[in-house]
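In: What shape does this take:
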Amino acid sequence: MDVEKYLARIKYSGPKNASPNALEELCICQLNHVPFDILDMFGGPRKVLDLPTIYANVVDRMRGGYCYETNALFGWLLTNLGFKVDLLAGHVWAEKFGPKFDHMALMVTCDDGSKWLADVGFGASQSIKKPLPFVEMQENSQIDGLFRIRRWEGGDGDDYVLERKQKQVHNKTDSNLYREKLVSDPQWNVAYRFDTKPRRMDDFKSMNEFQQDDPDGFLSNNTLCNRKIDNGDVALWGWVVRTKRYVDPYTEEITNIEVAKTDKELKDLLLKYFDVKVDYEISVQNRHF
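Out: Now for the predicted structure:
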């Protein structure tokens with residue numbers, strides 16, 4: 001595992017120190033160049049929580065991964081650059097909280113002692129592109145949204161939630177695959193709940209297996225690949241690729257939609273939008289589209 005090769009993979013050329021500015025730029029580079037990628041669940045090799053295996057997949061094969069993979073590997077990179085990094089266990093919100101350890105995030109301490117919530121593995125549409133200062137109820141405006149960290153009242157005193165303010169979504173295409181979302185009174189939506197207890201990678205292994213085998217799971221039933229782009233994101237869901245532009249922290253526009261009809265067309269879209277090459281037939285699923 002080579003730090004310089006990793007930095008080249010994410011096209012990072014900034015300072016190699018543990019400052020907040022470096023952390024922000026590293027997160028942006030990671031999210032722009034390493035996609036949230038669960039394609040292997042639909043015909044590829046099984047996902048294994050082993051850092052050399054993840055490194056080979058992300059850096060050598062030029063692929064992506066999901067939270068356990070990309071956050072764990074990114075945490076390794078940050079540690080080697082001088083940051084203090086703790087793995088955090090989360091529960092994703094989808095009408096109710098999922099089981100503990102169904103998400104991994106990072107608590108990063110910089111060289112000035114400041115603490116930041118970083119997450120490069122939550123999926124492009126909902127993820128924070130820049131790390132958030134670990135300060136309760138401080139509203140953080142980014143081009144991709146308005147975020148805050150709130151203490152979770154139902155927890156044991158060490159539980160928090162990451163929240164994002166609802167956004168207006170306008171469909172600028174001729175397709176009716178995505179509906180517009182017009183919100184008159186935007187509310188705060190919970191993304192996931194987490195605690196600040198440092199975890200080990202082994203703590204997530206059973207949930208990593210569960211995520212791949214759960215017959216009713218969201219991830220195991222939806223072929224997904226997405227990444228951030230400058231002022232937006234691009235996402236594959238099933239056979240459909242859509243591009244979204246962030247107008248401001250409160251408004252998004254869907255600017256392009258393409259639909260694949262064959263395995264070859266799908267692989268062409270993956271190469272075009274994600275620089276991802278797949279050498280197996282993808283068993284496409286989109287149960288929740």
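
In: what residue ranges in the stretch 51-200 of the chain score low on pLDDT?
Out: 124-125, 155-156 (pLDDT under 70).

In: Let me see the ranges of the helices in it.
Out: Per DSSP state H, counting those that start in this stretch, the stretch 51-200 of the chain carries helices over the ranges 51-55, 67-80.

In: Of these, which stretch is the most buried?
Out: Among the helices of the stretch 51-200 of the chain, helix 67-80 has the highest mean neighbour count (mean count of other CB atoms under 10 Å), at a mean of 22. Placement of C-beta: from N, CA and C, glycine included.

In: So which residues make contact with it?
Out: Here helix 67-80 makes contact (CB atoms under 8 Å, 6 or more residues apart in numbering) with 1, 3, 6-7, 18, 23, 26, 30, 34, 36, 47, 49, 51, 54-55, 57-58, 64-65, 85, 87, 103-106, 108, 118-122, 201, 204, 207-208.

In: same deal with stretch 214-222?
Out: Stretch 214-222 is contacted by residues 38, 41, 66, 94, 210-213, 237-238, 285-289 when judged by CB under 8 Å, 6+ apart.

In: and that stretch, which residues are buried?
Out: Neighbour counts over stretch 214-222 (16 or more other CB atoms under 10 Å) mark 217, 219, 220, 222 as buried.

In: What is the most widely separated pair among the residues you listed?
Out: 217 and 222 (8.9 Å; CB to CB).

In: Out of the helices of the stretch 51-200 of the chain, flag the one nearest residue 158.
Out: Nearest to residue 158, of all those, is helix 67-80, at 19.6 Å by CB to CB.

In: so how far is that closest one from its chain's centroid?
Out: 12 Å (CA atoms, centre = their mean, to the nearest Å).

In: Equivalent analysis for stretch 50-70, please.
Out: Stretch 50-70 has its C-alpha centroid displaced from the chain centroid by 13 Å (CA atoms, centre = their mean).

In: Export the buried residues of stretch 214-222 to TSV and append columns for secondary structure and distance to residue 130.
Out: As requested, those are exported to TSV (DSSP: H, G, I helix; E, B strand; the rest coil; distance: CB to CB, whole Å):
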residue	secondary structure	distance to residue 130
217	coil	29
219	helix	25
220	helix	30
222	strand	27
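
In: just those now: which is nearest residue 148?
Out: residue 219 (26.0 Å).

In: how close does the closest one get to residue 268?
Out: Distance, residue 219 to residue 268, using CB to CB, to the nearest Å: 24 Å.

In: if we can go back for a sec, from the contacts of stretch 214-222, which would you call buried?
Out: Listed as buried from the contacts of stretch 214-222 are 38, 41, 66, 211, 212, 237, 238, 285; burial here means 16+ other CB under 10 Å.

In: Pick the one among those closest to residue 166.
Out: The closest of the buried ones among the contacts of stretch 214-222, once distances to residue 166 are taken by CB to CB, is residue 237, at 20.2 Å.

In: For residue 11, state which of the buried residues of stretch 214-222 is nearest.
Out: Using CB to CB, the buried residues of stretch 214-222 come closest to residue 11 at residue 219, 27.4 Å.

In: tell me which element residue 225 is part of?
Out: Secondary structure assignment for residue 225, by DSSP states H and E: strand 224-229.

In: and if you look at residue 272?
Out: helix 263-274.

In: Compute the inter-axis angle for that helix and strand 224-229.
Out: Helix 263-274 and strand 224-229 are oriented at 30 degrees to each other (axes from the mean of the first three to the mean of the last three CA atoms, to 10 degrees).

In: Can you tell me the SS state at residue 27?
Out: When classified by DSSP: H, G, I helix; E, B strand; the rest coil, residue 27 comes out as helix.
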